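Student: Sequence below, structure please.
(2 chains)
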Protein chains: 2
Amino acid sequence: MNTKQGLNVAIVGATGAVGVQMLKMLEGSSLPISQLKLLASKRSAGKTQTFKDQSIIVEEAKPAAFEGVDIALFSAGGAVSKQLAPEAVKRGAVVIDNTSAFRMDPEVPLVVPEVNPEALREHKGIIANPNCSTIQMVVALEPLRRKHGLNRVIVSTYQAVSGAGHSAIEELKQQTEAVLNGQEPKTEKFPYPIAFNAIPQIDTFQDNRYTFEEMKMINETKKIMAFPELRVAATCVRLPVAVGHAESVYVELDQEVGVEDALALLADSPGVTVVDDPANLGYPMPMDAAGKKDVFVGRVRKDPDEKKGLHLWIVSDNLLKGAAWNSVQIAETLVQLKIITI
Amino acid sequence: MNTKQGLNVAIVGATGAVGVQMLKMLEGSSLPISQLKLLASKRSAGKTQTFKDQSIIVEEAKPAAFEGVDIALFSAGGAVSKQLAPEAVKRGAVVIDNTSAFRMDPEVPLVVPEVNPEALREHKGIIANPNCSTIQMVVALEPLRRKHGLNRVIVSTYQAVSGAGHSAIEELKQQTEAVLNGQEPKTEKFPYPIAFNAIPQIDTFQDNRYTFEEMKMINETKKIMAFPELRVAATCVRLPVAVGHAESVYVELDQEVGVEDALALLADSPGVTVVDDPANLGYPMPMDAAGKKDVFVGRVRKDPDEKKGLHLWIVSDNLLKGAAWNSVQIAETLVQLKIITI
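Tutor: Numbers count the residues shown, from 1 in each chain, chains lettered A, B, ... in the order given. Alright, predicted model coming up:
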């Protein structure tokens, strides 16, 4: 590929909630992009989107569209990834897939660049972008684990609707208007009204009574951190918030760590911004994290009884670090590590 | 008091969010009420409220108003309770106080009738009604503790705004309308906008970096359960929900318990309704709990790693079991146990 001027990049699902953010993240990226292809379903083909002041027509995603593509960012649902990712790889592309289709495939690296960039070297064409809630958690856990050892995680999430796409944001808005006007809210995306409610179910129930979202957090955390013996439990809850996932996380370390030491370590860690100033009511919130790339950590405090236990409150934009930004970061890391050469 | 026909009951803070619910709960109660006095601030005096088709004029809460009162239910803020509860007691009333003013006073029983009704026998005039989040949690924990032993609790809350009063519900509504109309939301009750957001702060920060709400959950749980050595940690979060608190609770028992056994035990426990049917997407939610007296428990599952660990999702109406209903239940229990005779 040494004769080329730059990278030929494609976004699959370019008109979706995450796809639109992938476009924005690519605009701000250091990647040398010579061509950007926007792919979507037949229904969205023909629409135009703007990339660096250039108007690009959205094309239908089909196998032939991947000819000449170097990097394909997929975020059009698991079924599309299962069908088209192998086609893209066959045509020479490296696929960065934002769905859960390949994440637990032992042949597929599952990567958060701040945590396990070296796993990218093992890729066989497809690289998986982890679940949104998992990404923001491991970014905060990895520095604690490296310095102090980690043996247990108990997380309860507070998740925004946008993880379920544009239409979910619209549903929250319409339901909210309906409730304010004394009308019955209509449900489509979610099993129950989400406006002014909290739904303790994200994705489908598994046989063990955990939801698939909870199992993603449990299994993906272990895979990304290459830490199968880590004890992880998760409870995932959907909230009437448009953008920004929050997490109440309890961790048990191998050593006792003071709050000030933990805060200093986190503040020094890549991708983390500490917002933890009780005296001035400083802590992360979805409204502040929305639109930002970092993982925000606050409310750090010691467990009242367990000396090696810490509680953290972790917030990030689920469409950015939870999806689009992490995918683009993976692409940048592929170039930085010379796994893809230009 | 044997010559009387019934009880002379007073509500202090009768026009507030909890006071209004106290009136409703008294309407449905078995208490033999011969007279109901509605007391509030000077500002609210002169308003009328209806009790069993009878119109009652709200009077100003002042010491003399408690003459002849047998039971006074207080919910007008800690300052009012500190000032007037002793005055009510001096005049012969038993005070059931819904504020945090006396809860940790060793002379004052802190009571959830399903958990520690016998503590009422020790009262010296004032009985404290616990914090809303604490009440619903201990109702679910106590049966597990009695049968299987309990040694650890880690809770993350999902709390409705109505805990902060009528004006907080109004603020949520107005902020929501503002955001939907693209306007800047105005904040008064809460430090940041709560509409479409989650705020990890309820009540003020303490020196140990926990909020007062979190310390209430920790300390009150131990006091109600008479279990000072129980390990409890809490993270309390405010949500854009009007009514109904939810809690993601991890418990460590002294024995391994199967999910079916735990569900059967909970279903058999006073004040608990189990809603736990993953196959039919059955679980408790704030929208379903609002207006009901029970504590709803679901999403019961075993910790993936800790054999003695269970995860629960506990939801209840914070104005009813969390406040008004628990207070009225205390009054009923005082009569049932003949601590107050008519």
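Student: CA atoms for contacts and neighbours, from now on please.
Tutor: Fine.
Student: Now for the closest residue to residue A:198 other than its chain neighbours, how many residues are close by?
Tutor: Of all residues not flanking residue A:198 in the chain, residue A:239 sits nearest, at 5.0 Å (CA to CA, 6 or more residues apart in numbering or on different chains). For residue A:239, the neighbour count with other CA atoms under 10 Å in any protein chain shown is 28.
Student: same check, this time on residue A:88
Tutor: With other CA under 10 Å as criterion, residue A:88 counts 27.
Student: how about it, secondary structure?
Tutor: Secondary structure assignment for residue A:88 (DSSP: H, G, I helix; E, B strand; the rest coil): helix.
Student: Grab the nearest non-local neighbour of it.
Tutor: Per CA to CA, 6+ apart, closest to residue A:88 is residue A:66, 5.3 Å.
Student: residues contacting the one you found?
Tutor: A:10, A:72, A:87, A:88, A:91, A:93 (CA atoms under 8 Å, 6 or more residues apart in numbering or on different chains).
Student: got the buried residues for the helix or strand where residue A:155 lies?
Tutor: Using DSSP states H and E, residue A:155 sits within strand A:150-158. By 16 or more other CA atoms under 10 Å in any protein chain shown, the buried positions in strand A:150-158 come out as A:150, A:152, A:153, A:154, A:155, A:156, A:157, A:158.
Student: So is that strand next to chain B?
Tutor: Yes - contact between strand A:150-158 and chain B is present through A:156, A:158 (criterion: CA under 8 Å from any CA of the partner chain).
Student: and the helix or strand following that strand with helix B:166-180, angle?
Tutor: Next along the chain after strand A:150-158, taking DSSP H and E as the criterion, comes helix A:166-180. Calculated by axes from the mean of the first three to the mean of the last three CA atoms, to 10 degrees, helix A:166-180 forms an angle of 140 degrees with helix B:166-180.
Student: quick check, helix A:166-180 touching chain B?
Tutor: Yes - Helix A:166-180 lies within reach of chain B by CA under 8 Å from any CA, at A:173, A:180.
Student: Please list all residues in contact with whichever residue of the stretch 201-342 of chain A sits closest to chain B.
Tutor: Per CA to the nearest CA, residue A:241 is where the stretch 201-342 of chain A lies closest to chain B, at 4.3 Å. Going by CA under 8 Å, 6+ apart, residue A:241 touches A:159, A:160, A:161, A:286, B:195, B:196, B:197, B:198.
Student: in which helix or strand would I find the closest residue to residue A:228 other than its chain neighbours?
Tutor: Once flanking residues are discounted, residue A:228 sits nearest to residue A:222: 5.0 Å by CA to CA, 6+ apart. Using DSSP H and E, residue A:222 maps to helix A:212-224.
Student: Quick one: mean pLDDT over that helix.
Tutor: Across helix A:212-224, pLDDT averages out at 98.
Student: and the stretch 201-342 of chain A, which residues reach chain B?
Tutor: A:205, A:208-210, A:231-233, A:235, A:239-242, A:246, A:248, A:278-279, A:281, A:283, A:285-287, A:299-301, A:303-305, A:313.
Student: Mind splitting chain A into its structural domains?
Tutor: Following automatic domain parsing, chain A resolves into domains at A:7-129+A:323-336, A:134-318.
Student: JSON lines for those domains, including distance to residue B:323?
Tutor: Below are these laid out as JSON lines (distance: least, CA to CA, whole Å):
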{"stretch": "domain A:7-129+A:323-336", "distance to residue B:323": "42"}
{"stretch": "domain A:134-318", "distance to residue B:323": "20"}
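Student: What segments of chain A are helices?
Tutor: A:17-27, A:78-90, A:132-148, A:166-180, A:212-224, A:259-267, A:286-289, A:325-336 (DSSP state H).
Student: right, and those - which one's nearest residue B:5?
Tutor: Taking CA to CA, helix A:166-180 is the member of those nearest to residue B:5, at 45.4 Å.
Student: Could you check the angle that closest one makes with helix A:17-27?
Tutor: Using the same axes, to 10 degrees: helix A:166-180 against helix A:17-27 is 120 degrees.
Student: Okay, buried residues for helix A:166-180 please.
Tutor: Here helix A:166-180 shows A:168, A:169, A:171, A:172, A:173, A:174, A:175, A:176, A:177, A:179, A:180 as buried, counting by 16+ other CA under 10 Å.
Student: From what I see, the last one and residue B:173 are in contact.
Tutor: Translated: residue A:180. Yes - Residue A:180 is in contact with residue B:173 according to CA atoms under 8 Å; the separation is 7.4 Å.
Student: still on that earlier bit, can you add distance to residue B:325 and give the helices of chain A back as a markdown table?
Tutor: Below are these laid out as a markdown table (distance: least, CA to CA, whole Å):
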| stretch | distance to residue B:325 |
| --- | --- |
| helix A:17-27 | 44 |
| helix A:78-90 | 48 |
| helix A:132-148 | 37 |
| helix A:166-180 | 26 |
| helix A:212-224 | 34 |
| helix A:259-267 | 40 |
| helix A:286-289 | 33 |
| helix A:325-336 | 48 |
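Student: Residue B:317: which of those helices is closest?
Tutor: helix A:166-180 (18.6 Å).
Student: For the closest one, give the mean pLDDT please.
Tutor: Computed over helix A:166-180, the average pLDDT equals 97.
Student: Any idea what the residue lying closest to residue A:85 once chain neighbours are set aside is bridged to?
Tutor: Computed as CA to CA, 6+ apart, the closest residue to residue A:85 that is not its neighbour in sequence is residue A:95, at 6.4 Å. Residue A:95 has these beta-bridge partners by DSSP bridges: residue A:72, residue A:126.
Student: Now do the same contact list for residue A:232.
Tutor: Residue A:232 sits in contact with A:152, A:153, A:154, A:155, A:218, B:304, B:305, where contact means CA under 8 Å, 6+ apart.
Student: which residue sits closest to it in space, ignoring its chain neighbours?
Tutor: residue A:153 (4.7 Å).
Student: same thing with residue A:104?
Tutor: residue A:220 (7.3 Å).
Student: quick one: contacts for the one you found?
Tutor: Neighbours of residue A:220 in contact, by CA under 8 Å, 6+ apart: A:103, A:104, A:110, A:130, A:131, A:134.
Student: can you check residue A:19 too?
Tutor: Counted by CA under 8 Å, 6+ apart, residue A:19 has contacts A:11, A:12, A:13, A:75, A:324.
Student: one more time with 10 Å
Tutor: Residue A:19 is in contact with A:11-13, A:25, A:38-40, A:73-76, A:98, A:165, A:319, A:323-324, counting by CA atoms under 10 Å, 6 or more residues apart in numbering or on different chains.
Student: Check pLDDT for the residues you listed and point me to the minimum.
Tutor: Among the contacts of residue A:19, residue A:165 has the weakest pLDDT, 90.
Student: show me what contacts that one?
Tutor: A:16, A:17, A:18, A:19, A:189, A:319.
Student: now do residue A:100
Tutor: A:75, A:77-79, A:81-82, A:128-131, A:213, A:216, A:220 are the contacts of residue A:100 under CA under 10 Å, 6+ apart.
Student: Could you do residue A:243 as well?
Tutor: Residue A:243 touches A:159-163, A:169, A:286-291, A:316-320, B:196-197, counting by CA under 10 Å, 6+ apart.
Student: Now do the nearest residue in space to residue A:108 that is not next to it in sequence: how many residues are near it, please.
Tutor: Distances taken as CA to CA, 6+ apart place residue A:127 nearest to residue A:108, at 5.6 Å, with adjacent residues excluded. Per other CA under 10 Å, the neighbour tally for residue A:127 reads 26.
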